[in-house]
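Asker: 3D model of this:
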Amino acid sequence: MKRRAMHPRIIRALSLLAFFSLLLVLFAFRLVHLQVFQHKEWALRSTKNHVSKRVLDMKRGNIYDRNGVELAISVDTWSVFIFTRELKSLPEAANLLSTVLPMTREEIISKAGDRSGYIPIYKDLAPNLAMKIQQLDIPGVNLESHYRRYYPQKRLAANLIGFTGTEKTGLEGLEMLFDKTLRGYPGLAVQEDISLSESGPAKMRVITPPMGGSNIHLTIDTFIQHTLESELAQLVKQYDPIDATAIVMDPNNGEILGLACFPSYDINNFGEAKPENRRNRSVTDIFEPGSCIKIFAVASAIENRKADHGTRFYCRGFAEINGRRVRCHGAHGLVDLDKAISESCNASMVQISQLIEPAQLYRTYKNFGFGEPTGIEVVTESNGIFKPPSRWSGFSATSLSIGQEMAVTGMQLVQAYSAIANGGTLLKPRLIRRISSPDSEIRQEFKREEVRKILPADTARWLRRMLMGVVEGGTGSQAALENYTVGGKTSTAQKANPKGGYFNEKVVVSFIGMAPALDPRIVLLVAVNEPKGDEKTLYGGKVTARPFANIADRILKYLKVAPDRSLTAAARERQLLQLQHSSEKKEIINLPNMLSSASSAKDLTTPAAKLATNEAVPNLQGKSLRQAMQLVKSLELKAVFEGNGVVIKQSPQPGKPLPESKILMITLSPEPEN
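Answerer: Next up, the predicted model:
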């Protein structure tokens with residue numbers, strides 16, 4: 001049977017059906033390929049075209065002084081952006097923006113250029129100008145809030161606080177050390193364009209809100225800090241030194257109440273300051289301490305039972321050891337430990353250094369913290385220079401007893417003197433009181449931190465009395481205060497010459513002390529590097545003692561410390577008994593009557609009055625050293641003692657008229673002359 005041929009129309013229909021079926025299969029295959037195999041790639045492309053991520057600025061935590069005064073804060077600023085998808089006319093928007101921004105119309109158009117998307121136009125716009133732009137309500141112009149670091153006190157404590165950079169990270173000082181604590185965490189927002197037209201609206205969705213940083217509360221006091229800096233400014237104006245430093249510490253808890261350095265700078269314009277002007281010299285710069293170290297050599301002799309109240313030394317104006325001569329600034333004659341410190345007698349210190357074994361002296365100095373960092377909260381701190389006895393020469397013990405062959409920072413000195421002031425405990429100096437949250441909740445609080453116990457309380461009291469003698473009748477008389485007793489030590493340290501020996505004209509002068517002397521509330525150091533002027537007057541008692549007094553007087557009155565100089569001797573004894581909670585009379589420090597304005601005039605003047613009556617030299621022959629010293633002191637005379645034993649000769653002779661100088665030359669011998 002013959003098969004009928006297919007009609008051409010049917011053939012065309014089948015062909016079209018096959019063709020479209022093939023197209024449908026290819027389309028389905030491509031659709032599966034895009035939706036399944038290339039889904040991630042095309043989803044990412046879509047997100048890039050319609051969704052943009054924005055990092056939301058976090059607010060850096062503030063830095064306050066101990067009373068809540070703002071030292072470093074984050075102030076609101078605004079950034080101006082153009083979003084091209086919402087912008088109707090760039091020239092029109094530029095015209096309006098140029099009326100508010102410190103930019104011309106052409107500058108705005110040039111900055112936008114041919115770019116599309118979210119384009120930054122201006123940063124750090126003041127809030128009042130941002131409000132004006134908001135009022136203009138320009139389509140496509142958006143504002144974003146940011147924070148800029150600002151230092152309201154400008155130069156105050158600049159070397160301590162430091163600063164942040166353009167990325168809002170700490171670059172120096174406390175800003176750098178506590179950067180993670182202050183910085184907080186940035187937020188994240190998503191800009192979504194879900195419109196179907198070029199000018200459709202865009203929406204911003206906050207994914208993660210920013211979290212502000214913690215606040216730091218310092219131990220320093222703005223008033224005390226300003227007092228230090230203003231007094232240093234006067235010193236610098238008068239003596240034009242290379243640099244100067246002043247530190248105030250509460251010896252009872254280790255808190256630093258003030259820390260000033262010269263040169264300094266305005267933190268808000270830190271880019272204009274030289275790097276050396278930004279250095280915190282109180283913890284980085286080292287110097288040979290000189291005479292202020294003598295008190296620690298004496299402490300070593302006392303603690304190692306090499307010297308006591310009865311120990312005497314003879315000063316001829318110099319001392320010799322291992323063929324080398326150490327000069328003193330006067331011939332002090334026979335001196336005890338108290339006078340060795342009050343007169344800063346080098347000859348006595350040489351003799352003391354020979355009594356102490358090298359290991360004992362080294363251990364005492366190490367216990368006071370020399371040769372190791374204090375641990376204070378700073379980025380960089382120097383250890384100082386203090387060699388072990390294995391590297392000492394035959395002259396090292398002598399050099400160390402007068403503050404040479406070693407180098408310290410100002411902070412190490414303040415820490416060591418604070419141990420004497422508080423009764424013998426070495427404390428870690430502290431700059432941070434507490435850390436609080438943005439909501440002012442306390443997150444961490446810092447307390448007194450003891451490093452080690454160094455001295456018994458009675459030894460510390462004796463050392464404080466020695467230091468008090470420096471001010472009341474020794475080399476530091478210009479540091480005396482009208483209302484408060486002061487104990488301290490002057491220092492004039494020649495700077496080491498790299499070629500060997502020491503410079504005569506280059507010195508570091510300082511005064512470090514404590515007040516009130518009976519119950520110290522502050523320890524204060526004032527140090528000046530290479531002051532200029534008359535070489536005969538460039539010594540610690542002249543350059544730094546008076547500024548010390550000015551600072552200490554203002555601080556003690558500001559802290560409302562009760563004056564103690566007006567107390568009588570008996571009242572002081574009662575006060576000490578209350579302070580020490582002890583009834584033992586031997587524990588009491590009997591201050592010199594010269595400190596009391598209310599002392600009995602009769603008790604003070606009777607011996608002198610008797611002497612004034614006859615104006616004759618007393619007979620001291622045959623008396624012991626102690627008896628002779630007591631009699632000379634009671635008659636308000638001065639004497640140079642030579643030898644030991646009993647008095648065998650005196651000049652002028654007994655009964656002769658008293659010389660105008662009121663100085664007697666007395667010779668002693670174990671055996672009387674025949």
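
Asker: Going by C-alpha atoms from here, please, whenever you check contacts or count neighbours.
Answerer: Noted.

Asker: Show me how the record splits the chain into domains.
Answerer: As recorded under automatic domain parsing, the domains making up the chain are 54-218, 222-565, 569-594, 600-669.

Asker: can I get those in TSV with distance to L26?
Answerer: Putting those into TSV (distance: least, CA to CA, whole Å) gives the following:
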stretch	distance to L26
domain 54-218	29
domain 222-565	61
domain 569-594	99
domain 600-669	120
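
Asker: measure T409 to A416 for me?
Answerer: Using CA to CA, to the nearest Å, we find T409 at a distance of 11 Å from A416.

Asker: Which of the domains of the chain comes out lowest on mean pLDDT?
Answerer: Looking at those, the lowest mean pLDDT belongs to domain 569-594 (a mean of 43).

Asker: Do a quick rundown of the strands in the stretch 351-500 of the chain.
Answerer: Using DSSP state E, counting those that start in this stretch, the strands assigned to the stretch 351-500 of the chain run over residues 425-427, 432-436, 442-445, 450-453, 487-496.

Asker: Quick one, which of those gets closest to V617.
Answerer: V617 lies closest to strand 487-496 among the strands of the stretch 351-500 of the chain, at 34.1 Å (CA to CA).

Asker: re earlier: so which of the strands of the stretch 351-500 of the chain is nearest G469?
Answerer: Evaluated with CA to CA, the strands of the stretch 351-500 of the chain place strand 487-496 nearest to G469, the distance being 7.1 Å.

Asker: and the closest one, what does it pack onto?
Answerer: Helices and strands touching strand 487-496, by 3 or more CA pairs under 8 Å, 6 or more residues apart in numbering; DSSP states H and E, are helix 457-473, strand 502-515, helix 540-543.

Asker: For the ones you listed, give me CSV that also has mean neighbour count.
Answerer: As requested, the helices and strands packed on strand 487-496 are exported to CSV (neighbours: other CA atoms under 10 Å):
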stretch, mean neighbour count
helix 457-473, 22
strand 502-515, 24
helix 540-543, 24
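
Asker: Would you report the backbone torsion angles of I522?
Answerer: Backbone torsions of I522, given as degrees, to the nearest 10, read phi -140, psi 150.

Asker: residues in contact with it?
Answerer: Residues near I522 by CA atoms under 8 Å, 6 or more residues apart in numbering: 248-251, 514-516.

Asker: what would the residues you listed look like in TSV with distance to L635?
Answerer: Formatted as TSV, the contacts of I522 follow (distance: CA to CA, whole Å):
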residue	distance to L635
V248	40
M249	41
D250	40
P251	39
M514	31
A515	31
P516	29
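
Asker: what's the closest of those to S264?
Answerer: V248 (17.7 Å).

Asker: Contacts for the helix or strand containing that closest one, please.
Answerer: Under the criterion of DSSP states H and E, V248 resides in strand 243-249. Strand 243-249 is contacted by residues 228, 232, 236, 255-263, 281-282, 410-411, 414, 418, 429, 522-530 when judged by CA under 8 Å, 6+ apart.

Asker: Minimum distance to K274: which of the helices and strands packed on strand 487-496 has it?
Answerer: Closest to K274 of these is strand 502-515 (CA to CA; 22.9 Å).

Asker: Which residue would you name as the spatial centre of the protein?
Answerer: L259 (4.2 Å; CA atoms, centre = their mean).

Asker: Make sure that one is actually in contact with I161.
Answerer: No: under the criterion of CA atoms under 8 Å, L259 makes no contact with I161, lying 10.6 Å away.

Asker: Look up phi and psi at G394.
Answerer: Per-residue torsions, G394: phi -70, psi -10 (degrees, to the nearest 10).

Asker: circling back: and the helices and strands packed on strand 487-496 as TSV, adding distance to N268?
Answerer: Output for the helices and strands packed on strand 487-496, formatted as TSV (distance: least, CA to CA, whole Å):
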stretch	distance to N268
helix 457-473	41
strand 502-515	31
helix 540-543	32
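
Asker: For L14, find the nearest of these.
Answerer: So among those, strand 502-515 is nearest, using CA to CA, at 109.3 Å.

Asker: The following helix or strand past that closest one pairs with which strands?
Answerer: As assigned by DSSP H and E, the chain's next helix or strand after strand 502-515 is strand 522-529. Sheet partners assigned to strand 522-529 using DSSP bridges are listed as strand 243-249 (antiparallel), strand 502-515 (antiparallel).

Asker: On the C-terminal side of the first one, identify the next helix or strand.
Answerer: Pointing back at strand 243-249 there. That would be, after strand 243-249 and using DSSP H and E, strand 256-262.

Asker: Next, the buried residues of that next one.
Answerer: Across strand 256-262, burial judged by 16 or more other CA atoms under 10 Å covers 256-262.

Asker: JSON lines for those, including distance to H7?
Answerer: Below are the buried residues of strand 256-262 laid out as JSON lines (distance: CA to CA, whole Å):
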{"residue": "I256", "distance to H7": "109"}
{"residue": "L257", "distance to H7": "110"}
{"residue": "G258", "distance to H7": "109"}
{"residue": "L259", "distance to H7": "108"}
{"residue": "A260", "distance to H7": "109"}
{"residue": "C261", "distance to H7": "108"}
{"residue": "F262", "distance to H7": "109"}
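
Asker: Right, I'll leave it there.
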